[in-house]
Structures are given as C-alpha cells and as structure tokens.
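Participant: can't give you the sequence, but here's the structure:
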C-alpha cells in the first residue's frame with residue numbers, strides 16, 4: 001500500500017468469544033496518539049452512498065474508526081512540502097462481514113491531508129477523535145467532485161451543500177517537521 005507522510009493506519013486486534021468481542025482502539029500512551037491531545041469525540045451515522053469529501057484541517061488531527069458498516073476512506077496528501085505530496089491512499093474500513101478487502105483499523109489523519117469517505121453498506125457509523133474542538137474557520141473544504149483532485153467517487157453520490165463548496169481556513173496550517 002502506498003503511504004502518505006504522517007498518516008498512520010493502526011490494525012486493530014479483536015478478541016472474540018461466543019458472547020461477542022472486545023477491541024481496543026487507542027490508549028493515551030499509544031505511539032499512534034503520541035504528541036497529540038484529546039479535544040473532541042464525535043459520531044457520524046451515514047446511509048448508503050453518502051459521500052463526505054473533501055475536508056482538510058490546518059491544525060487538527062483526526063483519528064477515524066468505523067465499528068459499524070463499511071466505508072471507503074480516501075486520503076490525498078495536499079501538503080506541498082511533504083515528500084508524499086499528491087499521493088493517495090484508499091482504505092475499505094469496517095466490519096469484516098463485508099468482505100476480505102475490509103480492514104478493522106484506526107486511521108490517523110494529519111493536518112493538510114485531504115480526507116473523505118463513501119458509505120458502501122446500508123449504513124455506517126464513523127467514530128472519530130480530534131485534537132481540537134470543532135472550529136469552522138479551521139476546517140477547509142473542496143467540492144467532492146472537484147476536477148483538480150484526481151478522484152472520482154462514482155455515480156449516485158449523496159452529498160449536502162457543505163460537500164459541494166470550497167472553503168479555505170483562516171488558521172495558519174501546521175507545517176511538517178521533516
């Protein structure tokens with residue numbers, strides 16, 4: 001799999017028995033969470049064919065986990081100073097019952113990396129932690145079907161106005177420490 005500088009994908013371990021399962025996502029001292037702090041925990045319930053893209057942050061880190069359903073997560077490095085500038089990662093996240101191509105992971109998304117998802121199951125529940133409390137002046141957006149971004153979400157995408165607009169954040173983006 002192609003990598004993007006600063007993006008981390010943590011494979012999760014599931015302990016199953018006849019009663020169900022236990023899965024640990026993140027610990028505060030996990031290297032995956034190193035150097036960051038918890039600011040907000042959010043839950044997004046989405047239905048089939050919803051596309052939420054393209055979002056990016058200038059300050060905030062995101063950690064995405066999908067416990068219910070299946071989504072295709074797409075990340076594109078939009079940081080000109082990055083050694084992986086313009087690289088793309090696609091990950092089918094979610095429950096294993098949706099196929100062998102589905103991974104049970106937690107994904108760390110650094111500032112400046114474009115991110116979005118499309119729901120591939122009847123519904124999906126995305127849980128995510130952010131390093132900052134939501135600030136609309138810090139979150140940037142490009143339309144989901146923006147022609148300069150080399151990605152096609154396919155036909156029948158369900159979107160809202162926020163995913164069809166451009167917004168450049170007012171905050172200064174954290175630059176990479178290479």
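Facilitator: All right, it came through fine. Since the model is a prediction, treat every value here as computed from it, not as a measurement.
Participant: give me the secondary structure label for residue 32.
Facilitator: helix (DSSP: H, G, I helix; E, B strand; the rest coil).
Participant: tell me the confidence at it?
Facilitator: With respect to pLDDT, residue 32 has a value of 82.
Participant: need the helices for this protein, in chain order.
Facilitator: For the chain, no helices are identified by DSSP state H.
Participant: distance check, residue 146 against residue 174.
Facilitator: Separation of residue 146 from residue 174 (CB to CB, to the nearest Å): 23 Å. (Glycine included, C-beta is placed from N, CA and C.)
Participant: oh, that last question was meant for residue 13, not what I typed.
Facilitator: Counting by CB to CB - residue 13 and residue 174 are separated by 31 Å.
Participant: swap in residue 72?
Facilitator: Distance, residue 72 to residue 174, by CB to CB: 27 Å.
Participant: how about residue 15?
Facilitator: From residue 15 over to residue 174 (counting by CB to CB), the distance is 36 Å.
Participant: the closest residue to residue 89 other than its chain neighbours bridge partners, please.
Facilitator: Ranked by CB to CB, 6 or more residues apart in numbering and with sequence neighbours excluded, the top spatial neighbour of residue 89 is residue 75, at 4.6 Å. On the basis of DSSP bridges, residue 75 is bridged to residue 89, residue 115.
Participant: for the protein, what are the low-confidence residue spans?
Facilitator: 1-2, 147 (pLDDT under 70).
Participant: tell me the contacts of the nearest residue to residue 38 once chain neighbours are set aside?
Facilitator: Excluding the flanking residues, the one nearest residue 38 by CB to CB, 6+ apart is residue 129, at 6.1 Å. By CB atoms under 8 Å, 6 or more residues apart in numbering, the residues touching residue 129 are 26, 38, 40-42, 62-63.
Participant: centre of the chain to stretch 110-117, how far?
Facilitator: For stretch 110-117, the separation from the chain centroid amounts to 6 Å (computed by CA atoms, centre = their mean, to the nearest Å).
Participant: in strands only, show me the contacts of residue 129.
Facilitator: Judged by DSSP state E, the subset of those located in strands is 40-42, 62-63.
Participant: quick one: which of the residues you listed has the most company?
Facilitator: The residue in the ones in strands among the contacts of residue 129 with the most neighbours, by other CB atoms under 10 Å, is residue 63 (23 neighbours).
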